[in-house]
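Asks: Coordinates for the following, if possible.
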Amino acid sequence: MSWTRPAQLRAQVQKLWDRGELLASVVSGEPLFPRRLVLKGPTSAEMAERFDAVRAWVAELRTMPHCRVEMRDFRHRVFGANAVPHEAWVDSLDEALALIGKRHECARFTALAGLTRQRQPQLLPWLAKRPLRALELAGEWSRLLAIVAWVEETSSHSSRPDVYLRQVDIAGVHSKFIETHRGVLAEWLDLTLPPAAVDHSASGVGGFARRYGFRDKPLRIRFRILDPARSRLPGDFGDDITLDAGRFARLDPGVARVFITENEINFLAFPAVRDSLIVFGAGYGFEVLAQAQWLSRCRIHYWGDIDTHGFAILDQLRALFGHVDSFLMDRAALLAFETQWGEEDKPTRRDLPRLNPEERALYDDLRDNRLRKELRLEQERIGFGWVEAAIAKLQDANGPGGPADRHPR
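Replies: Have a look, this model is predicted:
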């Protein structure tokens, strides 16, 4: 039978809840009720031929709580005049909530709306737009409102907080709480702060601190000077250096060549190379290097894993420095160490427009599983003799008239 049952009527009201419409009406005041539900009943032929089933269906609907069923007359040739359901209505928000068992949740949401109206009325449109998300945050609501009020107050005095999140002094609030809720706080602060207090060039969770005027943890770059003649440190102090991005940008060590590697041991073990330094990479986070304009005058070699993500990182680095060369990320190295092959977790499949023809051919073989399914060769599995030989070849090419000498300095 395709006749509408009580469960299907409840499902129609449940959809209103799932779309947030019932709770949104608490904020907006938009009347949703009385509301007619879709009701499909038996045809005239079915009522005549299946009278007992129709009578059971009628009884089921008429005893359904929190739903008003309007009837119409039906005359049966044997049983005479009868009444069958014609329309089904829910008359009020309270009846709708009772029908789907959501009275308690609505009461809690109503309390959130009242608190928001009192303390941050600018957030009411957000509350109407995302009521179910608000319910998820009900336990943290008061603290979230307190954070917004603190940022508003601080910004009104100095236009920007200019402190670390750790320095926000609100009862019951710690920096990890703010970091955990950066997504919703960003949506709220965009609604409550004046435009001048928001840096619209910063976006996303990673840009939260800068967007709203907080101090951010300095981005740091770790590197080693590979040529003792270029060392900036006295004596045997060591050559493993970490600087914030600003100081690294101002360093300009006068080297001709920069290596970037993703593996810490490779970074530490990388041998001496004249006129060079090596940077310990940060995966997909190379924007930190963009401030160092002196890098554009260097020959840059990127050494990553031979897998789809390794080539994706190379492609992204070339978006910042178009002259980057790959290092030991070729087919020869891959085939030479076949016994060291492993399996890549969740390979990328997107096109990488900045690869050269040889790199693109190898990348296509990897992403299309032409050599082996989800193949990868981690950079640390390449024998160190190969590394030293590749470096020697680069240094030989750096003789008078070599490629590095012709690179802009």
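
Asks: quick one: low-confidence ranges for the stretch 51-200 of the chain?
Replies: Applying pLDDT under 70 to the stretch 51-200 of the chain flags residues 76-80.

Asks: which residues of it fall in helices?
Replies: Counting by DSSP state H, counting those that start in this stretch, the stretch 51-200 of the chain has helices at residues 51-62, 93-100, 103-119, 124-129, 131-136, 141-158, 175-180, 182-192.

Asks: Just the CA trace of the top strand by length along the chain, in PDB.
Replies: Longest strand in the chain by number of residues (criterion: DSSP state E): strand 80-90. Provided in PDB are the C-alpha atoms of strand 80-90 (Å, rounded to 0.1, in the frame of the first residue of the first chain):
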ATOM      1  CA  GLY A  80     -23.100   2.800   4.000                       C
ATOM      2  CA  ALA A  81     -21.700   6.300   5.000                       C
ATOM      3  CA  ASN A  82     -18.200   6.400   6.400                       C
ATOM      4  CA  ALA A  83     -15.500   9.100   7.100                       C
ATOM      5  CA  VAL A  84     -12.000   8.800   5.800                       C
ATOM      6  CA  PRO A  85      -8.900  11.100   6.300                       C
ATOM      7  CA  HIS A  86      -8.700  13.900   3.800                       C
ATOM      8  CA  GLU A  87      -6.100  16.300   5.300                       C
ATOM      9  CA  ALA A  88      -3.400  16.100   8.000                       C
ATOM     10  CA  TRP A  89      -2.400  19.200   9.900                       C
ATOM     11  CA  VAL A  90       0.100  20.200  12.600                       C
END
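
Asks: List the buried residues of it.
Replies: 82, 84-85, 88, 90 (16 or more other C-beta atoms under 10 Å). For every residue, glycine as well, the C-beta is placed using N, CA and C.

Asks: Repeat that for stretch 21-39.
Replies: Neighbour counts over stretch 21-39 (16+ other C-beta under 10 Å) mark 21-27, 35, 37, 39 as buried.

Asks: Which parts of the stretch 301-409 of the chain are helices?
Replies: Going by DSSP H, counting those that start in this stretch, the stretch 301-409 of the chain shows helices at 308-320, 331-336, 357-367, 384-397, 403-406.

Asks: Just the mean pLDDT for the third one, thanks.
Replies: The predicted model gives helix 357-367 an average pLDDT of 96.

Asks: Can you list the neighbours in contact with it?
Replies: Helix 357-367 is contacted from outside by 306-308, 311, 314, 326, 329-331, 334, 344, 347-349, 352, 355, 370-371, 375-376, using C-beta atoms under 8 Å, 6 or more residues apart in numbering.

Asks: pretty sure residue 270 is touching residue 261, no?
Replies: Yes: Residue 270 lies in contact with residue 261 (C-beta atoms under 8 Å); the separation is 7.0 Å.

Asks: Mutual contacts of these two, please.
Replies: With C-beta under 8 Å, 6+ apart, residue 270 and residue 261 have common neighbours residue 278.

Asks: distance of residue 34 from residue 101?
Replies: 20 Å (C-beta to C-beta, to the nearest Å).

Asks: what stretches of the stretch 301-409 of the chain score poorly on pLDDT?
Replies: Those would be 398-409, if you go by pLDDT under 70 across the stretch 301-409 of the chain.

Asks: how does it look with 50?
Replies: 400-409 (pLDDT under 50).

Asks: closest to residue 146 out of the helices of the stretch 301-409 of the chain?
Replies: Closest approach to residue 146 among these is made by helix 308-320 (39.2 Å; C-beta to C-beta).

Asks: Okay, buried residues for that closest one please.
Replies: 308-318, 320.

Asks: now, which of those residues sits nearest residue 216?
Replies: Lowest distance from residue 216 to the buried residues of helix 308-320 (C-beta to C-beta) belongs to residue 320, with 20.0 Å.

Asks: From residue 254, how far off is the closest one?
Replies: Distance from residue 320 to residue 254, by C-beta to C-beta: 21 Å.

Asks: circling back: let me have the buried residues of strand 80-90 in a markdown table, adding distance to residue 169 as columns.
Replies: Below are these laid out as a markdown table (distance: C-beta to C-beta, whole Å):
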| residue | distance to residue 169 |
| --- | --- |
| 82 | 73 |
| 84 | 68 |
| 85 | 62 |
| 88 | 56 |
| 90 | 49 |
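
Asks: How about residue 131: what's its closest non-neighbour residue?
Replies: In space, and not counting its chain neighbours, residue 131 is closest to residue 23: 3.5 Å by C-beta to C-beta, 6 or more residues apart in numbering.

Asks: Look up which helix or strand that neighbour falls in, please.
Replies: Here residue 23, judged by DSSP states H and E, is contained in helix 21-28.

Asks: which helices and strands does that helix pack with?
Replies: Contacts defined by 3 or more C-beta pairs under 8 Å, 6 or more residues apart in numbering; DSSP states H and E place helix 21-28 against helix 93-100, helix 103-119, helix 124-129, helix 131-136.

Asks: mind checking how far it is from the chain centre?
Replies: The chain centroid and the centroid of helix 21-28 are separated by 28 Å under C-alpha atoms, centre = their mean, to the nearest Å.

Asks: Average pLDDT for it, rounded please.
Replies: Taken as a whole, helix 21-28 has a mean pLDDT of 97.

Asks: How about residues contacting it?
Replies: Under C-beta under 8 Å, 6+ apart, the answer for helix 21-28 is 16-17, 30-32, 93, 96-97, 102, 106, 109-110, 113, 124, 127-129, 131-132, 134-135.

Asks: sorry, back to before: looking at the buried residues of stretch 21-39, spot the one nearest residue 117.
Replies: Of those, the one sitting nearest to residue 117 (C-beta to C-beta) turns out to be residue 27, at 8.5 Å.

Asks: Quick check: that closest one vs residue 189, distance?
Replies: 20 Å.

Asks: What of residue 164?
Replies: According to C-beta to C-beta, residue 164 and residue 189 sit 17 Å apart.

Asks: before we move on, what about residue 167?
Replies: 17 Å.

Asks: These two - which one has more neighbours?
Replies: The neighbour count for residue 167 versus residue 189, taken as other C-beta atoms under 10 Å, is higher for residue 189 (21 against 11).
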